[in-house]
Structures are given as C-alpha cells and as structure tokens.
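Novice: sequence unknown, structure follows:
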C-alpha cells in the first residue's frame, strides 16, 4: 500500500505471478495508451506456469513497458531459458487494457511477432524483471567456498546468464543488467 497519493494504473497476472503498475496522482492524468499482454512459455507454450506479463503505457512523449517473467528452471536448461526470453522479446502481444469498463488505450493491439520488432525496438524505456532462473555453473561446495571467501567475481564469471550473453547464445539486445553485488 503506497497511500492515497498513488493510483493503480494497471494490473495483470499469469498463473501464480503478477504485475501491478502504480503512479503518483500528480502524473496519473498524463498516462495514456495503457496496454497489457501475457505470453505463456510453459509446456508446449501453453501452460502458464512460465512466461511473462507486460504492461505498457505512454507518459507524455515517452513509451514505457514493464515486464515480469518466469523462465524455464533447471540447472541444465539454459538453452530453454534463452528460447523463453526470445519468445517473450519477439512475441509479446500488447492489447488495450480495460479498467472499470473503460478502455485505457487507443488504437489496435500491437503484435510484436508480426512486426518482427523486439521490446527495445518498440519502447523508449523497458524494464524487465522476474525470475530468469539462470544458475551458477559451479558445484554446490565451490559456490559456498566462493561465498565464504567473498569471491563474488568468480560467481559472476560462472553465472549462466552472463555465460549465455558472452557466448552470443542469448541476444540480450539493448538491455543492461546491473552488477550483482551479493550484499
């Protein structure tokens, strides 16, 4: 609860995960073209236990999208996680958001898959969070030793996400991940 000064712009869920966007009442009136989208990447791209939720909107002259995702799990599933990411990045369809029986967007649904544009091609600002489920490619004892020795650089070096991006197997186009400090 943020207090009376904040208004829920949009909310959506996919199976057990959610996304909710709030705005301060002073800027809420300038938010337009609110859209939402979900995409399943679970079994056969049907089961919604994995996938993503997106909420997009315009604020003055800038377009924003917030994505919450849950990618494939498992130590040896990096390739499947990469495929989940690509499916979401290339195929998340945004449709008009309806709140209190009012459509809060104008125009036709955006269909990213048809236009062959990625999230960062379509929006000025994209914030993607969630459980990407990438692991560390070290044995359990090696991980605990690195933690005990505060050798966080070794953990980052073997982080599957970094490995996939560095080897070009994951096109993380125009997104930047902040440094993980393990504090």
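Specialist: Perfect, I can see it now. Computed from a prediction, not measured in an experiment: that's the story for all the values here.
Novice: How confident is the prediction for the residue of the chain most remote from its centre, by pLDDT?
Specialist: In the chain, counting by Cα atoms, centre = their mean, residue 149 sits farthest out from the average C-alpha position, at 32.2 Å. Predicted confidence (pLDDT) for residue 149: 93.
Novice: ok, now the one 3 residues further on?
Specialist: We have a pLDDT of 89 for residue 152.
Novice: repeat for residue 89
Specialist: For residue 89, pLDDT reads 91.
Novice: which residues does it contact?
Specialist: 118-119, 171, 173 (Cβ atoms under 8 Å, 6 or more residues apart in numbering). Where you see a C-beta, it was placed from the backbone N, CA and C, and this is true even at glycine.
Novice: of these, closest to residue 7?
Specialist: residue 119 (25.0 Å; Cβ to Cβ).
Novice: List the contacts of the closest one.
Specialist: So residue 119 contacts 54, 65, 67, 88-89, 92, 112, 126, 128 (Cβ under 8 Å, 6+ apart).
Novice: Need the max-distance pair from the residues you listed.
Specialist: Maximum distance among those (Cβ to Cβ): 13.7 Å, for 112 and 128.
Novice: mind listing the strands for the chain?
Specialist: 6-14, 17-24, 31-40, 51-59, 62-70, 93-96, 98-99, 102-103, 110-111, 125-131 (DSSP state E).
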